[in-house]
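Engineer: Give me coordinates for this.
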Amino acid sequence: MSENNYELNNFEALKISLASTEKILGWSHGEVRKPETINYRTLKPEKEGLFCEKIFGPTKDWECHCGKYKRIRYKGIVCDRCGVEVTKAKVRRERMGHIELAAPVSHIWYFKGIPSRIGLVLDISPRNLEKVLYFAAYIITDPGNTSFGYKEILTEQQYREARDKYGNDFKAGMGAEAVRELLTHIDLVALSDDLRKKLKDASGQKKIRIVRRLEVIEALRLSDNKPEWMILEVIPVIPPDLRPMVQLDGGRFATSDLNDLYRRVINRNNRLKRLLELGAPDIIVRNEKRMLQEAVDALIDNGRRGRPVTGPGSRPLKSLSDMLKGKQGRFRQNLLGKRVDYSGRSVIVVGPELRFYQCGLPKKMALELFKPFIMKKLVQNGHAHNIKSAKRMVEKIRPEVWDVLESVIKEHPVMLNRAPTLHRLGIQAFEPVLVEGKAIKLHPLVCTAFNADFDGDQMAVHVPLSVEAQAEARFLMLSVNNILAPKDGAPITTPTQDMILGSYYLTHPGLEERNTVAEKGDGKVFTNFDEMLMAYQNGVVGLHAKVKVRLYLDENDKRGKLVESTVGRFIFNENIPQDLGYVDRKVDRYSLEVDFLCDKKKLGQIIDKCYRVHGNTTTAILLDHIKDMGFHYSTIGAVTISISDMEIPKEKPAILAESEKQVEKYEKAYRAGLVSEQERYEKVISIWNKTTDDIADALMNSLGSLNNLFIMAHSGARGSKNQIKQVGGMRGLMANASGKTIEIPIKANFREGLSVLEYFISTNGARKGLADTALRTADSGYLTRRLVDVSHNVIVREVDCGTDEGIEVRAFTDGKEVIEALKLRIVGRTSLTDIYDPNTGELIVEQNEEISEIASEHIEACGIEAVAIRSVMTCHSKSGICAKCYGRNLATGEAVNIGEAVGITAAQSIGEPGTQLTMRTFHTGGVAGSDITQGLPRVEELFEARKPKGLAEICEADGTVVSIEMRKDNKTEVKVRGEEERVYIIPYGARLNVKEGDYVLAGGSITKGPLNPHDILRLNGVEGVYQYLLKEVQRVYKQQGVDINDKHVEVIVSQMLSKCKIEEPGDTNLLPGGLYSVFEIDESNAEAVANGGQVANGKRVLLGITKASLATNSFLSAASFQETTRVLTDAAIKGKNDRLLGLKENVIIGKLIPAGTGMRRYKEIDLDYGVNTELMESFSVNVDEDEEDDFEELADMGSVIETDFVGADIVALEDLE
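Structural biologist: The predicted model follows:
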């Protein structure tokens, strides 16, 4: 197969269908007749056994079994003595054999799957079918002149009686033979027509059954599959190298489980043949046939029916199905993730001296990783005569090797990856710098993106080999090009910890008591910046002294202007571009750009503005400057904390005493029977919560702005108000294991120390934090996996789909509080209509133009409350989406390119914070408060479109609430009058969301609580359910302070809403109750109209992400996700064609993914590699026989890869030097 000259991987689609007996024999190279594997004395395969060389090919290259022919010159000859073809041993990975069965057996996938496909075709219940197949009952195959019905089931007793009564007037059989006979006689076309007629009158369960049968019958009819192919007469035997047998050290053998399973089948089959030849009694033959059926079942799917066949140690054997299923199966283990060479891993340490685009690579590691490149260069430079000697030089680490290594790694980026890779920023490219030692050095600013810290984390290094790979690593993956986070477009490489502290200290205005204590050098005036710097370095002025310095715009500016600020701020501004937009330069040309206190938020804004104004190169330089400055001045500032910084507010005892009094008051009221237990409990909790907050406020007020603890928290460098509260205020209330708040508060703080009881109360929270972390991490990873699966085929395929539909966007509010302003939600989106200023009438944004930052601020400023924008939800692209409906690519700040895999980006953007949130629970030490426990499960519930717990009562139609009455059974009756009056019965304990006189819209909630998204879809349509899901998902993330752009949620929700359920199929080929995409329905309808028929109609359905992933048109994608056997069974019966449009299916078959440069439109482009032809010729001189294998080895190592990448140096690097 692979020896043919055609390109094996050059195909457009992959089809799966049932295999007929002829097809299986066509694949086979011979029949396996014996259960033997290899001869234990000679260790050679037995003839006609499971490893037979005659069938599967030779075990050694160019050598037959008996040894008559050895050498490549006999290629293609079939040995006349042993019958083995002389060829390469790798054919043993491709050649299949077969087993000729003495009696047909059913394929367990088609009989045992849900629904049972054979059962549906024959209209027999799975239970009866099982009885027939396993020889427990007879089935009538021809009733003749008897009173029996066709396909009627008879027990052994009934069969005997019938034989006595009717003799040979009827035919009945058992086992797969009888079932095969029935299947052979089915006329699919007639059956299909008959079922369609019946369907018109059917209802209820009958209708469902008919629709199910029709689905299978239609699938077989349209796919040219014959029903009898679900019964096997021949079993294919997979190539022996895919079920190997290896000798262990002790002389014993380890073998794949499949060999055992095949052996059982062959043994039983041979025994059955012998029994049939001997003419054994029927009962013995039947038993043997049943055992053969069970052996084949175990081979195909062990454990699906009855007890699994076990090997030594009662371990179930791995069958063919198990080879495909699950995380360790073929799909997920070998096809979607592979191990690669040219990679290494090591511990990471911080490298503050590195530039932003660099990483430190240990010399030993670099030597190993770049080995082939070094060997090539050694030959090229004349240090070695041939590859072999060059290899020796590298292995002996000769001195000249180091110089060559330096030149080889120059301009050759490497990729660093930290597991878990939750989003695309978990793999970035860097220019390597050689370092001593064994640890990889990482730039401190990229830690946030990798979520790395230096407490022992490890990272993997990968070398991009080909020129194209190096170009992609440099242009797309270099850290300089990954400054913005794809989830919200904000910079992710903002300074952290010490760097913030240094910047905060540098830009701090100094002592508040200015009037009493003057900073050294206050009020001095300097002629220029250098003079001021010299004065500071010589100790004449302090860092926080207010001074005046004459600043000049450029060399031509002779006069300049005196500007007043602190010394620190002048130094800070020295490295900041002075045109970021903080100061209006038309009006004021001299003021400092950054003349304010810089905390974490402000630094983020500075980076953001710099990126928007100057692009990534300048931003990278700025980041390095801020990093160096931050580290330097945080060292000089020497901000550190001691126990005396943890001040306890003087008001604490008084506040506590007051609260004790109030609690006592409620205790008395409860004992007197004035309040219930629940009311008392709630009051006590609220009193202690208020107390904790009061003490925290008192604490924050008592800490001076120069208190070191306050500086750390206020600057955003480390810690939070909540943590300071626990150190210097009081710890407050804790939750117990079940999540209920314990009413005894922890009055002490960590400065005072906890009592034994208090310590024990707080252990609950700590333990829960740790358990949560472990559990939720797995949950979040699984959520991300499902999101990726549902959206991986969403790729930007065209510039504009030409739709005139869109959605309306308003500010995101919760009650009166604005959670996200309108301008933030529309920036970077495409406007659906022209937008005019309502006050002046001027055009702000044209139709189909991107809304810029400036335009969005203008829109908000002039009071526009709602804007219509293009959306992924309404995009009309047939596959994927268009660039206009998506808007800006948040990771670059530019319009999105065609070929961008926005589906994957969306899944990562939603999934990555999920893990972050879940991991964060344990940092607060389990203080009672809102934990993500509401968060992650809620997000999952929304994306899986489940019916939530504690459902709110939903209003079915618009109307006014006319009355709310309490009934005798404690339920509440709410009447809503619209076009007609509706009565809603509210159960006891539910809280109302409406009052009399309120006007309620359809889809609005009458009681408090979550809504069922399916109800919203029914009442408010697609846009209604999208708005609800978006709002709810955003609410969860916003509570945790995580920003995710709406468009990511849109991508996922659009996939959940991509299918319609057919209600009336009209004259189309569509099946009632079937799920089809909107485009499939449109095509079928157009065909029906052209033929003058009725069109089909259906309604949109909301599928959860798991269901939507499995409902995809690609069976490869679905099978590699979940329920592998079910998906493949279904696909085979339908004869599905996988058009390979998504990413997963292309990864599985080893093609380039159809995104980015892998898209078809770029296939025809020829690359100029700038290959040095002289060099290539010099390689091919003086090659003696010995060295031929050197070249093969080198080719395997991939080192004749030409790396002179002409004219492709990234600008950023030249500028950054």
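Engineer: how far does stretch 246-265 stretch from start to finish?
Structural biologist: In stretch 246-265, first residue to last residue: 22 Å (Cα to Cα, to the nearest Å).
Engineer: Mean confidence (pLDDT) on it, please.
Structural biologist: For stretch 246-265, mean pLDDT rounds to 91.
Engineer: same check, this time on stretch 788-799
Structural biologist: Across stretch 788-799, pLDDT averages out at 92.
Engineer: Could you chop the protein up by domain?
Structural biologist: If you go by automatic domain parsing, the domain ranges for the chain are 256-324, 338-481, 648-702+720-754, 1056-1162.
Engineer: Any chance of TSV for the ones you listed, columns mean neighbour count and distance to Y505?
Structural biologist: For the C-beta atoms, the positions are set from N, CA and C on the backbone; glycine is no exception. Output for those, formatted as TSV (neighbours: other Cβ atoms under 10 Å; distance: least, Cβ to Cβ, whole Å):
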stretch	mean neighbour count	distance to Y505
domain 256-324	17	60
domain 338-481	19	17
domain 648-702+720-754	16	19
domain 1056-1162	18	44
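Engineer: Let me know which of those domains is the nearest to K1038.
Structural biologist: Judged by Cβ to Cβ, the one of these that comes nearest to K1038 is domain 648-702+720-754, at 17.5 Å.
Engineer: one step back: pipe the domains of the chain into TSV and attach distance to K23 per row.
Structural biologist: Shown next, in TSV, are the domains of the chain (distance: least, Cβ to Cβ, whole Å):
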stretch	distance to K23
domain 256-324	17
domain 338-481	30
domain 648-702+720-754	59
domain 1056-1162	12
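Engineer: Quick one, which of the ones you listed gets closest to Q847.
Structural biologist: Closest to Q847 of the domains of the chain, according to Cβ to Cβ: domain 1056-1162, at 24.5 Å.
Engineer: Mind giving me the packing neighbours of the host helix or strand of L783?
Structural biologist: In this assignment (DSSP states H and E), L783 forms part of helix 756-791. Secondary-structure packing of helix 756-791 (3 or more Cβ pairs under 8 Å, 6 or more residues apart in numbering; DSSP states H and E): helix 902-920, helix 935-943, helix 1046-1056, helix 1105-1110.
Engineer: Tell me which of the domains of the chain sits nearest to P913.
Structural biologist: Taking the domains of the chain one by one with Cβ to Cβ, domain 338-481 is closest: 8.8 Å.
Engineer: rank the helices and strands packed on helix 756-791 by pLDDT, which is bottom?
Structural biologist: helix 902-920 has the lowest average pLDDT among these, namely a mean of 80.
Engineer: just how off-centre is it within its chain?
Structural biologist: Put simply, helix 902-920 sits 8 Å off its chain's centre (Cα atoms, centre = their mean, to the nearest Å).
Engineer: low pLDDT regions in the protein?
Structural biologist: Residue ranges of the chain with pLDDT under 70: 1-8, 511-518, 916-934, 1164-1217.
Engineer: After the lengthiest strand in the chain, heading C-terminal, what element do we hit next?
Structural biologist: Secondary structure assigned by DSSP state E gives strand 96-106 as the longest strand of the chain. The helix or strand immediately downstream of strand 96-106 is helix 108-112, counting by DSSP H and E.
Engineer: ok, back up a step: would you mark the buried spots in the helix holding L783?
Structural biologist: For helix 756-791, a neighbour-count test (16 or more other Cβ atoms under 10 Å) marks 758, 761-762, 764-765, 768-769, 772, 776, 779-780, 783-791 as buried.
Engineer: C-terminal to that helix, what's the next element?
Structural biologist: Next along the chain from helix 756-791, counting by DSSP H and E, comes strand 796-798.
Engineer: Tell me how many other residues crowd the closest residue to S20 other than its chain neighbours.
Structural biologist: If the residues on either side of it in the chain are set aside, S20 comes closest to W229, at 5.1 Å by Cβ to Cβ, 6 or more residues apart in numbering. Counted with other Cβ atoms under 10 Å, the neighbours of W229 add up to 23.
Engineer: Please apply the same query to I72.
Structural biologist: 11.
Engineer: how much space between the closest residue to it other than its chain neighbours and R73?
Structural biologist: Nearest residue to I72, sequence neighbours excluded (Cβ to Cβ, 6+ apart): W62, at 4.8 Å. Distance, W62 to R73, using Cβ to Cβ, to the nearest Å: 8 Å.
Engineer: So between these two, which is more surrounded?
Structural biologist: Between W62 and R73, counting by other Cβ under 10 Å, W62 is the more crowded of the two (17 against 9).
Engineer: ok, that one to C79 distance?
Structural biologist: W62 is 12 Å from C79, by Cβ to Cβ.
Engineer: what do you get for L1029?
Structural biologist: Separation of L1029 from C79 (Cβ to Cβ): 68 Å.
Engineer: give me the element G802 is part of.
Structural biologist: Per DSSP H and E: G802 is located in neither a helix nor a strand.
Engineer: give me every residue that touches it.
Structural biologist: By Cβ atoms under 8 Å, 6 or more residues apart in numbering, the contact set of G802 is H876.
Engineer: Next, it: phi, psi?
Structural biologist: phi 80, psi 20 (degrees, to the nearest 10).
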